[in-house]
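Participant: Got a predicted structure plus its sequence, pasted below:
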Amino acid sequence: MAASKHTDDYARGSQEISEQVSTWHLFLALAKWGSLIIGAVVLFLTLWFMPNGSFFSGFFAGAFMLAAGWFFLRSKPTSH
């Protein structure tokens, strides 16, 4: 059987990937901020509905978690 010649226009390292990079950065941002919001909501609901829990303790703990998360997860300016 003769070997078939495979021709392809693809050359490794020659594709423009700026759209893929921007999509990846969007995914990372949504995962990061979405996880923070889900964690704060779970904390709020847990403290609100636990036995002897209150709305205000859950609200303040959730708000503190959001504020601390925003402080630690925000994008740092690049130094170069």
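Facilitator: Here it is on my side, so go on.
Participant: so who does residue 17 touch?
Facilitator: Residues near residue 17 by C-beta atoms under 8 Å, 6 or more residues apart in numbering: none. Bear in mind the C-beta positions are built from the backbone N, C-alpha and C, glycine included.
Participant: Ignore what I typed, I meant residue 44.
Facilitator: Contacts of residue 44 by C-beta under 8 Å, 6+ apart are 58-59, 61-62.
Participant: In terms of helix, strand or coil, where does it fall?
Facilitator: helix (DSSP: H, G, I helix; E, B strand; the rest coil).
Participant: ok, it to residue 38 distance?
Facilitator: Per C-beta to C-beta, to the nearest Å, residue 44 is found 11 Å from residue 38.
Participant: Report the buried members of the contacts of residue 44.
Facilitator: Buried members of those, scored by 16 or more other C-beta atoms under 10 Å, are 58, 61-62.
Participant: hang on, the earlier thing: of the contacts of residue 44, which pair is most distant in space?
Facilitator: Based on C-beta to C-beta, the longest span within those runs between 59 and 61 and measures 7.4 Å.
Participant: Now do the contacts for residue 14.
Facilitator: Residue 14 makes contact with no residue under the criterion C-beta under 8 Å, 6+ apart.
Participant: Which pLDDT value belongs to it?
Facilitator: Note for residue 14: predicted pLDDT of 70.
Participant: And for residue 17?
Facilitator: 85.
Participant: What of residue 32?
Facilitator: Turning to residue 32, the model gives it a pLDDT of 95.
Participant: gap between it and residue 20?
Facilitator: 19 Å.
Participant: Likewise for residue 60?
Facilitator: According to C-beta to C-beta, residue 60 and residue 20 sit 41 Å apart.
Participant: So which residues make contact with the helix or strand encompassing residue 56?
Facilitator: Element membership of residue 56, judged by DSSP states H and E, is helix 55-73. Here helix 55-73 makes contact (C-beta under 8 Å, 6+ apart) with 32-33, 36-37, 39-41, 43-48.
Participant: got JSON lines for the residues you listed, with distance to residue 77 too?
Facilitator: Below are the contacts of helix 55-73 laid out as JSON lines (distance: C-beta to C-beta, whole Å):
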{"residue": "32", "distance to residue 77": "17"}
{"residue": "33", "distance to residue 77": "18"}
{"residue": "36", "distance to residue 77": "20"}
{"residue": "37", "distance to residue 77": "24"}
{"residue": "39", "distance to residue 77": "26"}
{"residue": "40", "distance to residue 77": "25"}
{"residue": "41", "distance to residue 77": "30"}
{"residue": "43", "distance to residue 77": "30"}
{"residue": "44", "distance to residue 77": "31"}
{"residue": "45", "distance to residue 77": "35"}
{"residue": "46", "distance to residue 77": "35"}
{"residue": "47", "distance to residue 77": "35"}
{"residue": "48", "distance to residue 77": "37"}
